[in-house]
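sequence? don't have it. structure:
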């Protein structure tokens with residue numbers, strides 16, 4: 001299994017990275033199966049450095065905030081109007097109503113086109129689906145809109161992605177034993193943070209420790225936040241392997 005960080009900026013595209021987008025690949029039936037996890041603001045362009053768009057097999061959207069899904073509009077344009085012909089519809093796992101929401105975001109009365117071009121399937125809290133070589137389990141987490149953390153398992157190992165969440169017992173349980181724990185840390189401990197919105201580095205580290213994960217990958221840090229403070233927060237609760245991810249970084253299991 002290979003993870004490529006396409007974008008990791010928190011809440012909006014930053015000067016050094018697009019918003020959230022991750023490419024997960026594994027061998028499948030003699031080729032590489034490509035699962036795209038989130039497609040936030042600014043990510044569609046850099047994605048094309050790492051994969052031909054037609055080679056994306058499925059998409060998983062953790063939730064429907066702009067920094068996690070709005071570049072679906074660009075994917076739609078390429079998949080429907082490519083000069084070599086429209087793409088076959090691919091599965092898009094997302095919260096209920098994602099198709100209509102993304103069609104409205106694209107605009108121009110393209111509702112039918114968006115719904116026909118992608119095979120939208122709603123996440124089920126605690127449900128598991130099979131996508132090529134990946135077994136994908138989703139759990140509802142704490143955020144102002146319906147949001148899901150996901151656990152992606154293949155024969156090589158397990159990756160857990162928090163999506164966006166405040167404190168969440170469901171996430172802590174989902175992360176247990178993960179080889180890679182890709183966890184957001186948008187907040188810092190020194191601030192007066194609102195509840196049920198995002199995690200701090202200390203909270204991400206605490207969940208990593210509880211779950212005895214192999215490696216913690218910290219993501220979704222806004223450009224206005226000092227990464228050194230996030231790193232110090234992580235170290236206050238986690239003494240294992242970790243790093244703050246950067247756009248273009250890759251990890252393999």
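Structure's in. What do you need? These numbers were taken from a predicted model, which means no experiment stands behind them. Numbering: from 1, shown residues only.

I figured residue 189 was touching residue 234, is that so?
No: taking contacts as C-beta atoms under 8 Å, residue 189 lies outside contact range of residue 234: 10.2 Å. No exception for glycine: its C-beta is placed from N, CA and C like everyone else's.

So the two - more neighbours on which side?
residue 234 (26 against 15; other C-beta atoms under 10 Å).

is it true that the more buried one lies in a helix?
Yes: under DSSP: H, G, I helix; E, B strand; the rest coil, residue 234 sits within a helix.

Tell me both backbone torsions, phi and psi, for the residue nearest to it when sequence neighbours are not counted.
With C-beta to C-beta, 6 or more residues apart in numbering as the criterion, residue 234 has its nearest non-adjacent residue at 4.0 Å, and that residue is residue 201. Dihedral angles of residue 201 (phi, psi; degrees, to the nearest 10) stand at phi -60, psi -40.

First-to-last residue distance for stretch 61-76?
One end of stretch 61-76 to the other measures 14 Å (C-alpha to C-alpha, to the nearest Å).

quick one: that stretch to chain centroid distance?
10 Å (C-alpha atoms, centre = their mean, to the nearest Å).

buried stuff in it?
61-65, 67-76 (16 or more other C-beta atoms under 10 Å).

rewinding a little: list residues touching both of residue 189 and residue 234?
Common neighbours of residue 189 and residue 234 (criterion: C-beta atoms under 8 Å, 6 or more residues apart in numbering): 201, 202.

Roughly how far does the residue nearest to residue 234 sit from residue 229?
Between residue 201 and residue 229 the distance is 8 Å, computed by C-beta to C-beta, to the nearest Å.
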